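Participant: heads up, no residue letters with this:
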């Protein structure tokens, strides 16, 4: 991300040589830009941007990506794409709604369905498109959609797209969800199986029972558990034997599957309706042939990757145990996503800089990805981390505790209050 701090107070920056000056924007835009560049970046963060990391040096440990099983550069997957590109006689680019039965995309959707124990699946351009399109085609004005407060932003966006009634419930709190459903009536319940901010796992069986008692639809986003959890990586829903009791599963395939697409499990009848009702499906082109070839090969690789899944579990257990011994409050989660929650953005900026000076690069989460004063650095672990990389991470976290004021982080204060 490149930040132009010359653009402040609604005044266009000086034009670069050979480029025309920017047109003046109206006040309803410049006011919001000022809130970002002036109030947030300049005044709150001293002119530094939360997401502008230093270029990593030799030996840096990269913990910002989501390739949990380290398959992005797997030779078999690269060869599958290359062969498709070399032998491709051309492709008719069109909306998925126009694809005919037997097309390459439909064949891949059938393969995903068999893998996930579903009647059918729909491939979308991204996890975002899958979630927005699904909720937009399920809900309508007046229908309550119950969302865990930490559900992914794409799910909240889907509620807005449907003009439905968004009803939040406390994170992983089945009791609060029950009370909200009793108040507003049956609707759509939306959760993540594994939450992308802190690595916590949903109380899935309890939520299934609430959905069934109330006659509500249940949508489970498996973006961060597909490939890494369950038999052959088929996800947490399959691991718990609940695939016939969850109406829809969604996933971004940009995590353990290391590509760019989204997925929805559904019935074949719903799929036909969805392709004619979901705006992201209607108004976006289908996937490209080489992308389909990548995922076709990736399914086979991921299904046989039990050793990589076991390695990821070992890495996760070791990192979490060692960071906990150092006093880091990371017990909100249990899985391969580790949140170092400093709280206010200035504290998280200090944390980010302390990590990068010690050769550790994670991902900064701040508003709107988190609540305003619960910003954090997210460390996403992968199966390829060895002893040297783990030691480097742990040593960095041990060395920086006073520098980052660990005792006064929001997560540390919250744990002391609870105990």
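Facilitator: Received, thanks. Every value quoted in this text rests on a predicted model; they were computed, and no experiment measured them.

Participant: so who does residue 242 touch?
Facilitator: 204, 205, 208 (C-beta atoms under 8 Å, 6 or more residues apart in numbering). All C-beta atoms are positioned from the backbone trio N, CA, C, and that covers glycine.

Participant: and the biggest helix by length in the chain, which residues are buried?
Facilitator: Ordering each helix of the chain by length in residues (DSSP state H) puts helix 306-325 first. The neighbour-count check on helix 306-325 (16 or more other C-beta atoms under 10 Å) flags 308, 309, 311, 312, 313, 315, 316, 319, 320, 322, 323 as buried.

Participant: so residue 81 makes contact with residue 293?
Facilitator: Yes: using C-beta atoms under 8 Å, residue 81 and residue 293 qualify as a contacting pair, with a distance of 5.7 Å.

Participant: okay, the two: which has more neighbours?
Facilitator: Taking residue 81 and residue 293 together and counting by other C-beta atoms under 10 Å, residue 293 has the greater number of neighbours (22 against 18).

Participant: which residues touch that one?
Facilitator: By C-beta under 8 Å, 6+ apart, the contact set of residue 293 is 80, 81, 83, 84.

Participant: same check, this time on residue 316
Facilitator: For residue 316, the contacting residues are 335, 336, 381, taking C-beta under 8 Å, 6+ apart as the criterion.

Participant: next: residue 238.
Facilitator: Residues counted as contacts of residue 238 (C-beta under 8 Å, 6+ apart) are 116, 117, 230, 231.

Participant: same deal with residue 155?
Facilitator: Taking C-beta under 8 Å, 6+ apart as the criterion, residue 155 is in contact with 131, 135, 147, 190, 219, 221.

Participant: give me the sheet partners of the host helix or strand of the fourth one and which way each runs.
Facilitator: By that I understand residue 190. Of the helices and strands defined by DSSP states H and E, residue 190 is found in strand 188-192. Paired strands of strand 188-192, with direction, are strand 144-148 (parallel), strand 217-221 (parallel) (DSSP bridges).

Participant: now those in TSV, with mean pLDDT, distance to residue 345 and mean neighbour count?
Facilitator: Listed next are these as TSV, based on pLDDT from 0 to 100; distance: least, C-beta to C-beta, whole Å; neighbours: other C-beta atoms under 10 Å:
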stretch	mean pLDDT	distance to residue 345	mean neighbour count
strand 144-148	98	24	25
strand 217-221	98	27	25
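
Participant: including distance to residue 43, could those strands go into JSON lines?
Facilitator: Formatted as JSON lines, the entries for the strands paired with strand 188-192 read as follows, by distance: least, C-beta to C-beta, whole Å:
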{"stretch": "strand 144-148", "distance to residue 43": "32"}
{"stretch": "strand 217-221", "distance to residue 43": "36"}
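
Participant: among those, which is nearest residue 126?
Facilitator: Minimum separation from residue 126 across the strands paired with strand 188-192 (C-beta to C-beta) falls at strand 217-221, 12.7 Å.

Participant: what lies in contact with the closest one?
Facilitator: Residues from elsewhere that reach strand 217-221 (C-beta under 8 Å, 6+ apart): 127, 131, 134-135, 138, 151-152, 155, 187-193, 202, 204, 207-208, 211, 236-237, 245-251.

Participant: give me that answer again for 7 Å
Facilitator: Residues external to strand 217-221 that are found in contact with it (C-beta atoms under 7 Å, 6 or more residues apart in numbering): 131, 134, 138, 152, 155, 188-193, 207-208, 211, 237, 246-251.
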